[in-house]
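>>> Next input, structure requested:
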Amino acid sequence: MPVELTILAWSMILLLVHIFAAAHFKTKQYGPRWNMGARDEDLPPLNPLAGRLVRAQANFMETLPIAIVALIGVTVAGRTSEWTAMGGWIWLAARVVYLPLYAAGVPVVRTIIFLCGLAGILITLWPLLGF
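Prediction:
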């Protein structure tokens, strides 16, 4: 099995971590009744940590489809290589590091890590562009 699919599987685990981290802190703030309810009521803004986790999840979900296309694309096209694997691992590692940095509110380093992840996606995507 191509390593790119393994990276994709681990990215789904990371997606679950994002979802449950954000949900945990939202539920901690709003209560289990809110979590199990219809969520129709107006609520106060999220506290800073819960808000950052929700935004980190949204950010991950913005880049995830691009990574999915890149990782599956090189696999289906038969264009996998050490470079596509390295790009995938760079992206995934950057995304793992990004979550606690965002949760902690670290500004500049978080952006640099995001850009590293973006570079990883581009490395993986490159062979699909015909180069």
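
>>> From residue 53, how far off is residue 42?
Residue 42 sits 21 Å away from residue 53 when distances are taken as Cβ to Cβ, to the nearest Å. From N, CA and C alone the C-beta is placed, and that goes for glycine too.

>>> Name the residue in these two with the higher neighbour count.
Using other Cβ atoms under 10 Å, the more surrounded residue of residue 42 and residue 53 is residue 53, with 23 against 4.

>>> Could you find the closest non-adjacent residue to the more buried one?
Excluding its sequence neighbours, the residue lying closest to residue 53 (Cβ to Cβ, 6 or more residues apart in numbering) is residue 22, at 4.2 Å.

>>> hang on, the one you found packs against residue 60?
No - the pair residue 22 / residue 60 is not scored as a contact, 10.1 Å apart, by Cβ atoms under 8 Å.

>>> By mean pLDDT, which helix or strand of this protein comes out lowest?
Within the chain, no helix or strand scores below helix 32-36, which has a mean of 89 by mean pLDDT, DSSP states H and E.
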